[in-house]
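J.: model the following, please.
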Amino acid sequence: SSNLSVAEANTLSQVRHVKSLISLQWSLLSYRIGMRSSFFKSNRLPEFGILKMNIDGRKYFSSAKDNHFAFNPAKPVENHRVLMESHLLLIGYAMWLFGFLGAHRFYFGRPISGAIWFFTFGLFGIGWLIDLFLIPEMKRSAERRFQSGPLDYCLGWILFIFLGIFGVHQFYQGKIWTGLIFLLTGGVFGIGLIYDLLTLNEQISEMNRSRLQTYNAGIFSF
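T.: Numbers count the residues shown, from 1 in each chain. Sure, this is the predicted structure:
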């Protein structure tokens, strides 16, 4: 009789555990669907502070970007509700100090205009001054385009600027062989550095997207 009661209790506990897992999965799915619906209704929110943090994840919403939040590289929205930014406004203004070389435009993922600024010294200084007022919009555009995630864009750019010739920014992305090639060839004789200057945002975005997709596949697999 006592053995039967213990067995029944174990069975009941397992059933409750399975029900809780199903409930959690349904909650995750429902919330993600709700987030997509709310975005189309309204994606304009008040902005607070110099970093313009978004409180409920709608402002910089995209199909992949809604899944990386502050304090943990890959937790779903209901655990944190604070979207981690990819590009910081403060860093953008710091880059603008060297804007006559197009630094802020490269940082925000605008390599073509960045190259034009580089060769014309910021459109002869006029474009450089105008960009002081355009940086907030450049930041918003970068947030929509590039995936935030475990790899930090600011750190990636700092490593590229100061240690790029040694391939440190490639090591940071986990590209060991590419990093070694950069290290042994001085950034592939400078050609690789030029390529990375034009594409570093896309490289980091793709790595973040890949890692978050792997995480998402993991949490929905059980």
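J.: make it CA atoms for all contacts and neighbour counts henceforth
T.: Fine.
J.: low-confidence stretches in the protein?
T.: The chain contains residues with pLDDT under 70 at 1-83, 214-222.
J.: for G190, what are its contacts?
T.: Taking Cα atoms under 8 Å, 6 or more residues apart in numbering, we find G190 in contact with I165.
J.: can we see that at 10 Å?
T.: Applying Cα atoms under 10 Å, 6 or more residues apart in numbering to G190 gives the contacts G164, I165, F182, D196.
J.: with V168 instead?
T.: Taking Cα under 10 Å, 6+ apart as the contact definition, V168 lies against 156, 158-162, 174-176, 178-180, 182-183.
J.: repeat that with 8 Å
T.: The contact partners of V168, by Cα under 8 Å, 6+ apart, come to L159, F160, G179.
J.: is the first one within a helix or a strand, and which one?
T.: For L159, the host element (DSSP states H and E) is helix 153-163.
J.: buried set for that helix?
T.: Taking 16 or more other Cα atoms under 10 Å as the basis for neighbour counts, the residues of helix 153-163 that come out buried are Y153, G156, W157, L159, F160.
J.: closest to R105 among these?
T.: Minimum distance to R105 across the buried residues of helix 153-163 is 12.4 Å, recorded for W157 (Cα to Cα).
J.: related to what we said a few turns ago, which of the contacts of G190 count as buried?
T.: Neighbour-count burial within the contacts of G190 applies to G164, I165, F182, D196; the criterion is 16+ other Cα under 10 Å.
J.: would you reformat those residues as JSON lines and include distance to F119?
T.: As requested, the buried ones among the contacts of G190 are arranged in JSON lines below (distance: Cα to Cα, whole Å):
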{"residue": "G164", "distance to F119": "21"}
{"residue": "I165", "distance to F119": "22"}
{"residue": "F182", "distance to F119": "25"}
{"residue": "D196", "distance to F119": "18"}
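J.: could you dump these to TSV with distance to A115 and secondary structure?
T.: Conversion of those to TSV gives the following (distance: Cα to Cα, whole Å; DSSP: H, G, I helix; E, B strand; the rest coil):
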residue	distance to A115	secondary structure
G164	18	helix
I165	19	helix
F182	22	helix
D196	13	helix
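J.: out of the residues you listed, who's nearest I135?
T.: Distance to I135 across the buried ones among the contacts of G190 (Cα to Cα) is lowest for D196, with 21.9 Å.
J.: tell me the contacts of that closest one?
T.: For D196, no contacting residues are found, by Cα under 8 Å, 6+ apart.
J.: do the same with the one 10 residues further on
T.: When contacts are counted by Cα under 8 Å, 6+ apart, E206 is found next to Q147.
J.: buried stuff in stretch 92-109?
T.: By neighbour count, with 16+ other Cα under 10 Å as the criterion, the buried positions of stretch 92-109 are 92-93, 95-96, 99-109.
J.: so which of these comes closest to G125?
T.: For those, the closest approach to G125 (Cα to Cα) belongs to F100, at 6.5 Å.
J.: what's the helix holding L159 packed up against?
T.: Identification of packing neighbours for helix 153-163 by 3 or more Cα pairs under 8 Å, 6 or more residues apart in numbering; DSSP states H and E yields helix 168-172, helix 191-219.
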